[in-house]
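A.B. asks: Sequence and predicted structure, then a few things I'm wondering about:
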Protein chains: 4
Amino acid sequence: MPKIVDHDRYRQEILTKCFDLFAQRGYGSLTMRQIAKEIGVSTGTLYHYFSSKEDLFVQLIEEITEQDILHATDLMENQSLDTMEEKILALGQFIFKNEDYFYKQTLLYMNFFQQLDLEQQQLVEAVKRSYKRYQEETMEFLGIYDLAIANHISCFIDGLIFQRAFDPESLDIQQQMDLLAKMLSAYLSSKHSDS
Amino acid sequence: MPKIVDHDRYRQEILTKCFDLFAQRGYGSLTMRQIAKEIGVSTGTLYHYFSSKEDLFVQLIEEITEQDILHATDLMENQSLDTMEEKILALGQFIFKNEDYFYKQTLLYMNFFQQLDLEQQQLVEAVKRSYKRYQEETMEFLGIYDLAIANHISCFIDGLIFQRAFDPESLDIQQQMDLLAKMLSAYLSSKHSDS
Amino acid sequence: MPKIVDHDRYRQEILTKCFDLFAQRGYGSLTMRQIAKEIGVSTGTLYHYFSSKEDLFVQLIEEITEQDILHATDLMENQSLDTMEEKILALGQFIFKNEDYFYKQTLLYMNFFQQLDLEQQQLVEAVKRSYKRYQEETMEFLGIYDLAIANHISCFIDGLIFQRAFDPESLDIQQQMDLLAKMLSAYLSSKHSDS
Amino acid sequence: MPKIVDHDRYRQEILTKCFDLFAQRGYGSLTMRQIAKEIGVSTGTLYHYFSSKEDLFVQLIEEITEQDILHATDLMENQSLDTMEEKILALGQFIFKNEDYFYKQTLLYMNFFQQLDLEQQQLVEAVKRSYKRYQEETMEFLGIYDLAIANHISCFIDGLIFQRAFDPESLDIQQQMDLLAKMLSAYLSSKHSDS
DNA sequence: TATGAATGAGACTTCATTCAT
DNA sequence: GATGAATGAAGTCTCATTCAT
C-alpha cells in the first residue's frame, strides 16, 4: 500500500506557505532551494507536486485568484449597514484588516504581469476576471452602479494598498475611507440637485 | 579636474537604457548579460561603471528618484490655469502622457522594496522623500493644503497608474480625473457651507 | 522449501522486459522510473527484486549470458545438413532471424564493458566464457576445428550484426553468408591440394 | 581588448580531450563535471564552447566523422605494395596500429545510435556516408570492386575491432588478416577458373 | 508484497563577477 | 577604457534509493 497522502490538500498547503515567500522576495529572486528550506521539505518534494518553478508560481496565482472570489463574497455580505457612508467605512475596515494580504497579493500580481515569458494568457484572463468580479462585489455592496464611480473607487482602493510599500505609517486607511465617503456623498447629492 | 564629465554622462546613459529592462523583467530575472547585450556593450564595461548588479539597480533607483523631483516641478508649472477643476484635468493629461513611464517606475519601486537584502535604508528614505515631494508639488499645483485630501488624491493617482497592469484599456484616465475634480469640488463646497 | 519459484519467475519476467529498454537507451541514460513505468510496476517493486540499478543490469547481463548458451545449443542442432556450405547458409538464416536480438545483446555487452565501475570481474569472465562457448558450438556445428578459422568466422558474424547500427538495409546477410561459404570452401580445398 | 583566444582551435582541443572520456564511460554515465575536471577547465568554460552536453557530444561525433575521411585517404595511400595479399596485410597493420582509436570510435558511434532523443538525422547521414567512404577507400586500396566482397571485408574488419571488447588478447589481428588474404585469393582464383 | 511520496546528492546549466589582453 | 573568455558558486531539476503504509 502506498503512503497515504492527500495529494491535492498538501499541494495547497505548500502553495499557502509559498505566498509570503514570493511576495517578500519576488519571483526572480526566490529560489527553489529557499522555498524548500523555508517550508521544510526537500526540493525533490517540491518537484513532486509542481513540475517547475514557473508551474509553482502559476498555480499560486491561480489559487489566489480563485480564493479572492470567495473572499469578496464571503467577507462583505453578512453585515447590516444602512447608509452608504457606513458601508464605505465597513469596507475600509475590511481593507485595514486584510491590508497585509492585499499588499502581498498586489506584489504577486505585479510579478506575474512582469514575467512576459510565462505567456499564461488564460491565467491573465482569469486574474482580470477576478479583479472585475471584486469590483462588482464592492459596488453591489455599496449600492453604486455608475461604472465611472465604480472604477474611481477601485482605483482609490488599489492606491491605498499600494502606498503601503512607500510608507505604511503615513496613511490612515480609516480616515481616508471616511473622506471618500464624504466626497462621494457630496458629489452624489450635488449631482442629484442638478437634475 | 579630471574628465569626470564624460564618465558620468555615459554612466547615466547606461542607466537610462536599463530603465525599461528592469521594469520589464524585474531585478531577479534580469541578468547582467541581458543588460549588456540589450545596451550593446560588454559585461566588462558594465562592471567598469558599476561595481555590481545591485549597485547598478540602486543607482538606477537613485537616478529615477532624483529625476522625479525635476519632473514634478518642470512639467506642471508652466501652465496658467484658473480653477481647480482645470488644474486637475491638466494633471490628468500629464499622467496620461507619462503613463508608461509612471507604470514602469512603479514596477521598479516595488522591486526595490521587495529586495530586503539590499538594505539601502538611506535610499529608501530618499525614495520616500521623493514621493512626499511629488505629493507636495501636486498639492501646491492644485492649491490644496489639507493633508488628508492630499493623501487621498495621491492614493487615487497611484491606483490609476497601478491599474494599467490589470487592464490598460478598461480605464479612461481623463474621465476619472474629471470625476475626481467634481467630487472634490462638491466635497469642498459642501464642507464650506457647513461652517 | 519456500515459494522461491514465483519470486524467481517474476524476477526473470522483469529482466526480460528490461532487455529492450537497456539496449535502446543505454545503461547511463535509462532511469529506474522509466523502467518501472514501461514494465508497469512501481519503483518500489523494482527494488524489491533488485537491490540497485547496477544489480538489475548485472543480473540482466547474467541472464543473457546464460540464455545464450541455450540458444546456441538449441537452435542449431535439430537440422540435418550435409555440406558445410549448407550449414553456413543455415547459420546465416539463424542470424537473420535473430538479428534484432543479437544487435541488442551486442549493445548491452558494449554498455557492460564500458562501465568500469561495475568491477564485476566474475561476470566479465562468464560473458567471455559464453562468447567462447558460442564460438565452439558454431564450429562444431560447422565441423571446423581450426582455431584461426573459427575466430575468423566469429569476427565476421560479429561484424555482420554490428553493421546493423550503421545501415540495416545495406547488407544482405544471406548473400554474405553464401559468400563466406564459398570463400571457406575455396580456401579449404586449396589448402587441401597443397598437402 | 579582449583576451585573445582562437575560439575554434580551443573548441577542437576540448573535443579531442573528450574523445577518450566519452568512449570510456559512455554518454549517459559521463558528467559535465567529470569532463571539466579531466580536461582541466571549469564547467562554465565548457558551456562557453558548447551549448549543452548533447551539443558537445554531437560535435564530437561530427569531428570524428570528418577526421575519419582524412584518416582513410591519408594513412593508406603512400605505400607501394604489389599483390593483394601484401595489401591486406598492410591493412591489418594499419588496423593493429590504430586498434585503440577504432575501438573507441566504435563505442562512440554505438552510443550515438543508442540515443534516440538526439534526433540528429543529418549527422546520422554524415556518419553513414563516412562509413561508406571508408569502405570505398579500403576497396580501392585493395583493388577490389565487387560490392559483396567489399561488404564482406568491411564486416570482417568491424568484427575484428569489435572483438576487442570481449577479449583483446584472444585474437591475433595479423594472423586473421593473413587468413583473410588467403581465403580471398583462393576464392577469387577458384571463381576465375570457373569461367 | 507492493506502492509511490519523500529525500538529498548530484546532474545540467546559468550567473555575477574577474582579469588578461 | 573595453572586451569577452574564464570561473565556480549557485540555480533549476532529476535521480537512485528509502520507507511508511
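C.D. replies: Right, received. Where do you want to start? Only a predicted model underlies this, so the values are computations on that prediction, with no experimental measurement involved. Numbering: from 1, shown residues only, chains lettered A, B, ... in the order given.
A.B. asks: out of everything not next to it in sequence, what's closest to A:Asp20?
C.D. replies: Closest residue to A:Asp20 apart from its sequence neighbours, by C-beta to C-beta, 6 or more residues apart in numbering or on different chains: A:Lys104 at 6.6 Å. Quick note: C-beta positions are derived from backbone N, CA and C, even for glycine.
A.B. asks: hey, C-alpha coordinates of the helix or strand hosting that neighbour in CSV?
C.D. replies: In this structure, A:Lys104 sits in helix A:99-114 according to DSSP states H and E. Taking Å, rounded to 0.1, in the frame of the first residue of the first chain, the C-alpha atoms of helix A:99-114 are listed here in CSV:
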residue,chain,number,x,y,z
GLU,A,99,-4.0,45.0,4.4
ASP,A,100,-1.1,42.7,4.6
TYR,A,101,-2.7,40.1,2.5
PHE,A,102,-3.8,42.6,-0.1
TYR,A,103,-0.4,44.1,-0.3
LYS,A,104,1.3,40.8,-0.9
GLN,A,105,-1.3,39.8,-3.4
THR,A,106,-0.6,43.1,-5.2
LEU,A,107,3.1,42.3,-5.3
LEU,A,108,2.5,38.8,-6.6
TYR,A,109,0.2,40.1,-9.4
MET,A,110,2.8,42.7,-10.4
ASN,A,111,5.4,40.0,-10.5
PHE,A,112,3.1,37.9,-12.6
PHE,A,113,2.5,40.6,-15.1
GLN,A,114,6.2,41.4,-15.2
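A.B. asks: Could you pull out the buried residues of the helix or strand containing A:Lys191?
C.D. replies: A:Lys191 belongs to helix A:173-194 when assigned by DSSP H and E. In terms of neighbour count (16 or more other C-beta atoms under 10 Å in any protein chain shown), helix A:173-194 has its buried residues at A:173, A:176-188, A:190.
A.B. asks: cool, and stretch A:119-134?
C.D. replies: By neighbour count on 16+ other C-beta under 10 Å, the buried set for stretch A:119-134 is A:120, A:123-124, A:126-127, A:130-131, A:134.
A.B. asks: So which bits of the one helix or strand in chain A whose mean pLDDT sits lowest are buried?
C.D. replies: In chain A, no helix or strand scores lower on mean pLDDT, DSSP states H and E than helix A:53-77, which sits at a mean of 83. For helix A:53-77, the neighbour count (16+ other C-beta under 10 Å) marks A:53, A:56-65, A:67-68, A:71-72, A:76 as buried.
A.B. asks: Show me the shaky parts of chain A.
C.D. replies: Residue ranges of chain A with pLDDT under 70: A:1-5, A:70, A:72-79, A:116-118, A:194-195.
A.B. asks: Smallest distance to chain B belongs to which residue of chain A?
C.D. replies: Using C-beta to the nearest C-beta, the single residue of chain A nearest to chain B is A:Gly28, 2.4 Å away.
A.B. asks: and stretch A:32-48, is it in reach of DNA strand E?
C.D. replies: Yes: with C-beta under 7 Å from any atom of the strand as the criterion, DNA strand E is reached by stretch A:32-48 at A:41-45, A:47-48.
A.B. asks: need those in a markdown table with neighbour count, distance to C:Thr138 and secondary structure, can you?
C.D. replies: Shown next, in a markdown table, are those (neighbours: other C-beta atoms under 10 Å in any protein chain shown; distance: C-beta to C-beta, whole Å; DSSP: H, G, I helix; E, B strand; the rest coil):
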| residue | neighbour count | distance to C:Thr138 | secondary structure |
| --- | --- | --- | --- |
| A:Val41 | 16 | 58 | coil |
| A:Ser42 | 11 | 54 | coil |
| A:Thr43 | 13 | 54 | helix |
| A:Gly44 | 8 | 50 | helix |
| A:Thr45 | 14 | 55 | helix |
| A:Tyr47 | 15 | 51 | helix |
| A:His48 | 14 | 52 | helix |
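A.B. asks: Name the nearest of those relative to C:Ala36.
C.D. replies: A:His48 (15.2 Å; C-beta to C-beta).
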